[in-house]
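Enquirer: the sequence and its predicted three-dimensional model are supplied below.
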Amino acid sequence: MAEYPDRLPYDSRREPVYAQNCVATSQPLAAQAGLEMLRKGGNAFDAAVATAMCLTVVEPTSNGIGSDAFAIAWAGGGLHALNASGRSPALLTPSEIDTRFAGESSIPRVGWGGVTTPGAVSAWAALAEHHGTLPMTTLAEPAIRYARDGFLLSPQTAYYWSRSASRYPTDGPFKAWHETFAPNGHPPQTGDLVRLPDHADTLQSIAETNGLSFYEGDLATKIDAAARAQGGLLRKDDLAAHEYDHPRTVHMDYKGLTLHEIPPNGQGITACIALGILRHFDLTRFEPDDPACLHLQIEAMKLAFRDAHRYIADPAHMDTTNDAMLDPDYLASRAKLIDPERAQDFDHGTPKPGGTIYLTAADADGNMVSYIQSNYTGFGSGIVVPSTGIALQNRGCCFTLKEGHPNKAGPSKRPYHTIIPGFVTRTGADGNDEPVMSFGVMGGYMQPQGHAQVMVRLADFNQNPQAALDAPRWQITEGLTVTIEPGFDAEVYTTLAEMGHDVQAVRARTVVHGRGQIIRRMDPADASKGYVAASDQRADGQAVGF
C-alpha cells in the first residue's frame, strides 16, 4: 500500500504512473527512448543516458550536446553523485576579462563570452561506463534515429524555438545557428518534421568513441577551430583537461526525509538551507495552501538565496564551507529573523531565468537516477560549431564580474550552477539509508524554490507526487516581489499582499515556475513493490513505465 494518498486536489492534465520500471522527462519521445532501453534489458542508467542524448535532439531549446550535466543516483545500496560541469577557458585571465567585458555589469548571454567547457558528453560516458549495461552505440540509437530521420515537433519546444530565433543575428558567429536550427529561414512550428543531420553524425561519433572524439578527437578540433575563427577563448586543451568528479552530496534532514543535493558549485544547497530554516516552524498546523504556510516558505527561501548568492562558487574559491552554511545553530539564528506575520526584504539578490531539461529513471532492480543537463538560457550562447550541431552553453554568464567575490570570473574555473538534481532518502529500520524519491524541478533559479516546495508538500502534507507537481507555485524575484501562479484560493493572494508581499499573480501555470519530474518508491525498503512516477503539466513530457 502506498504511504501517501491517491488524491489529486489540483487541476491537472496528468495522472501518476505506477510501474516497476519508469522514466519521466519533459518530452514524450525522449521518455520513450529511455523506456526502449529498459525493454532491451538495460537498467535505469542506460535509460537515463539514452533519454539525455535524445533530449539534445527533440528539445534543443533547453539543452544540447554542448551542455553541462549533474546526476545523483542510487545503486548498489548507496548514493552516487556526479558533477560533470565544465570550467571556463584557461585564456579567461583577469586582463582578458577587463578587456573583453569592459563597461559590462555582467557577462553577455549571447556570444562566446559566456561559453565554458561542455560537460554533458562526459556525464553520458561516465554513467554508461560505470553503471550501465548496454553499449553507448545502442544508447544513442533513438537520438540518432530522430536526428537523421526526423521527429514531429512538440508544442512547448516549438514555442521556445520560435522565441530564440529572433535572439541571434543571422550572420557572423551565429550563422551556424540559423543553418542548423532554421535552415529554411524560419524556425519550425508545432507538428513540423524536424531533421538535424549534423546532430546525428556528432552523436554517432560520440557513441562510437565513448565521448573521446568530443574531448580529444575530431569534434574537439572543430570546436577549437570555431573559437579561434570567431574570437572565442575555448581551446582543445580546455576540452582535454575537462574532468568530472564524484562529490559527497550536501543534505538536510526534514520531517523524516533527507534531501540530497549536489554541493557547490551547484545551487542545490539553497534548498537545504531553506528546509533547515523551516525545520524551526510547524507547518503541519496549517493547510498546505494556507497563506501563513506559504509566507514562511517564501521568507525562508529569501534567506537561503542571500547566502547562495554570496557564497556559492567553484569550491576551490569559496570563502566559507558547506558545513558552515548548514550549521544547525546558524540556521536556527536565521529562522529567528523571520516575522511570521510580515514580509521582509533580506537583500537576497535577483534570481535569473534559465532553460533546462530534467529526467529521472528507475528499474525493477532498485536503481534510480536523478539527472539534469542544460545550456543555461535557451539554446545557450547562440554559438553552434559549424557542421556539428553542437550548440555551446552560456553557463559562464553565471559568473559575476564583482571584484573580490568568490564567483568572480576567472580562468579554468567552474561557475555558480543553477541546475540541480534532487534525491530523497530516509533512515530505514536497520539504521541505513533507503531510497525514497528521485526528483527535480528545472528552470534557472526557480529550481531550489521548486525543490523546497515539493519537499514541503511531501514531507509535511503527505501529498501524492503528481499532486505535489500539479500544485500552484510561487517564486521570489527581488525585494518583496513574489510571483504566484493561479490555482490558490483568492484569499491567498490578498492575505499575502496584506502581509507585505508584492504579489504578482500570473495568468497561467507555465515553465516560468519550473517543470518537475518525480519517481518515488512505493516501499523504500523493497524495490520489488515498484514506483509511482509523475510528470509536470507545465511541460510537454510524460511519465512512462511497464
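Expert: Structure received.

Enquirer: measure stretch 439-452 end to end?
Expert: End-to-end distance for stretch 439-452: 11 Å, by C-alpha to C-alpha, to the nearest Å.

Enquirer: repeat that for stretch 305-324.
Expert: End to end - C-alpha to C-alpha - stretch 305-324 spans 15 Å.

Enquirer: and it, which residues are buried?
Expert: Neighbour-count burial for stretch 305-324, counted by 16 or more other C-beta atoms under 10 Å, picks out 305-315, 318, 322. Where C-beta positions appear, they are placed from N, C-alpha and C, glycine not excepted.

Enquirer: now what about that stretch, what contacts it?
Expert: Stretch 305-324 is contacted from outside by 87, 250, 263-267, 269-270, 273, 325, 330, 346-349, 351, 405-407, 410, 413-416, 445, 448, 476, using C-beta atoms under 8 Å, 6 or more residues apart in numbering.

Enquirer: now the buried members of those.
Expert: Buried by 16+ other C-beta under 10 Å: 87, 250, 263-267, 269-270, 273, 325, 330, 346, 348-349, 351, 405-407, 410, 413-416, 445, 448, 476, out of those.

Enquirer: gap between Ser205 and Ala140?
Expert: 10 Å (C-beta to C-beta, to the nearest Å).

Enquirer: next one: Asp536
Expert: Asp536 sits 27 Å away from Ala140, taking C-beta to C-beta as the criterion.

Enquirer: in terms of neighbours, single out the busier of these two.
Expert: Applying other C-beta atoms under 10 Å to Asp536 and Ala140 shows that Asp536 carries more neighbours, namely 31 against 25.

Enquirer: dihedrals phi and psi, the more buried one?
Expert: Main-chain torsions, Asp536, degrees, to the nearest 10: phi -70, psi 130.

Enquirer: same deal with Ala229?
Expert: Torsion angles, degrees, to the nearest 10, at Ala229: phi -70, psi -30.

Enquirer: ok, it to Gly541 distance?
Expert: Where Gly541 is concerned, Ala229 sits at a distance of 37 Å (C-beta to C-beta).

Enquirer: neighbour count winner among these two?
Expert: Gly541 (28 against 10).

Enquirer: check whether the more buried one really touches Gln27, as I assumed.
Expert: Yes: with contact defined as C-beta atoms under 8 Å, Gly541 counts as touching Gln27 (5.2 Å).

Enquirer: contacting residues for Phe379?
Expert: By C-beta under 8 Å, 6+ apart, Phe379 lies in contact with 60-61, 64, 164, 168, 177, 181, 391.

Enquirer: mind putting the buried residues of stretch 305-324 in TSV, pLDDT, distance to Pro288 and secondary structure included?
Expert: Shown next, in TSV, are those (pLDDT from 0 to 100; distance: C-beta to C-beta, whole Å; DSSP: H, G, I helix; E, B strand; the rest coil):
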residue	pLDDT	distance to Pro288	secondary structure
Phe305	96	22	helix
Arg306	95	26	helix
Asp307	96	26	helix
Ala308	96	25	helix
His309	94	28	helix
Arg310	95	31	helix
Tyr311	96	31	helix
Ile312	97	29	coil
Ala313	97	35	coil
Asp314	97	37	coil
Pro315	96	36	coil
Met318	97	35	coil
Asn322	97	30	helix
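
Enquirer: and of these, the nearest to Arg395?
Expert: Distances from Arg395 to these, taken as C-beta to C-beta, are shortest for Asp314 (12.1 Å).

Enquirer: which non-adjacent residue is nearest Gly231?
Expert: Spatial nearest neighbour of Gly231, chain neighbours left out: Trp112 (6.1 Å); criterion: C-beta to C-beta, 6 or more residues apart in numbering.

Enquirer: the one you found and Tyr215, how far apart?
Expert: In terms of C-beta to C-beta, Trp112 sits 19 Å off from Tyr215.

Enquirer: now swap in Ser374 and tell me
Expert: 19 Å.

Enquirer: which one's more surrounded, those two?
Expert: Legend: neighbour count by other C-beta under 10 Å for Ser374 and Tyr215, higher for Ser374 (29 against 24).

Enquirer: so that one sits against Gly66, correct?
Expert: No: shown here, Ser374 and Gly66 do not form a contact pair, counting by C-beta under 8 Å, at 10.5 Å.

Enquirer: anything in contact with each of those two?
Expert: What both Ser374 and Gly66 touch, as defined by C-beta under 8 Å, 6+ apart, is the set Gln393.

Enquirer: now do the strands in the stretch 351-500 of the chain.
Expert: Using DSSP state E, counting those that start in this stretch, the strands of the stretch 351-500 of the chain run over 355-362, 368-376, 384-385, 390-391, 422-427, 433-442, 474-476, 481-484.

Enquirer: nearest to Asp46, out of the ones you listed?
Expert: Checking the strands of the stretch 351-500 of the chain against Asp46 by C-beta to C-beta gives strand 355-362 as the closest, at 8.5 Å.

Enquirer: so in that sheet, which strands flank the closest one, and in what orientation?
Expert: strand 22-25 (antiparallel), strand 368-376 (antiparallel) (DSSP bridges).

Enquirer: most tightly packed of those strands?
Expert: Across the strands paired with strand 355-362, averaging neighbours per residue (mean count of other C-beta atoms under 10 Å) puts strand 22-25 on top, at a mean of 34.

Enquirer: mean confidence score for that one?
Expert: For strand 22-25, the mean pLDDT works out to 98.

Enquirer: show me the residue at the heart of the chain, geometrically.
Expert: Residue closest to the average C-alpha location in the chain (C-alpha atoms, centre = their mean): Ile419, at 3.6 Å.

Enquirer: please flag which of the buried ones among the contacts of stretch 305-324 sit within helices.
Expert: 269-270, 273, 325, 330, 448 (DSSP state H).

Enquirer: now the residues you listed in TSV, please, with extra columns for distance to Phe379.
Expert: As requested, those are exported to TSV (distance: C-beta to C-beta, whole Å):
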residue	distance to Phe379
Ile269	28
Thr270	26
Ile273	32
Met325	33
Tyr330	40
Pro448	24
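
Enquirer: quick one, helices of the stretch 201-350 of the chain?
Expert: If DSSP state H, counting those that start in this stretch is used as the criterion, the helices of the stretch 201-350 of the chain fall at 212-215, 218-230, 236-241, 269-278, 291-311, 322-325, 328-335.

Enquirer: can you list those helices in a markdown table and add distance to Gly191?
Expert: Shown next, in a markdown table, are these (distance: least, C-beta to C-beta, whole Å):
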| stretch | distance to Gly191 |
| --- | --- |
| helix 212-215 | 32 |
| helix 218-230 | 32 |
| helix 236-241 | 37 |
| helix 269-278 | 37 |
| helix 291-311 | 39 |
| helix 322-325 | 47 |
| helix 328-335 | 50 |
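
Enquirer: that's all I had, so thanks and see you.
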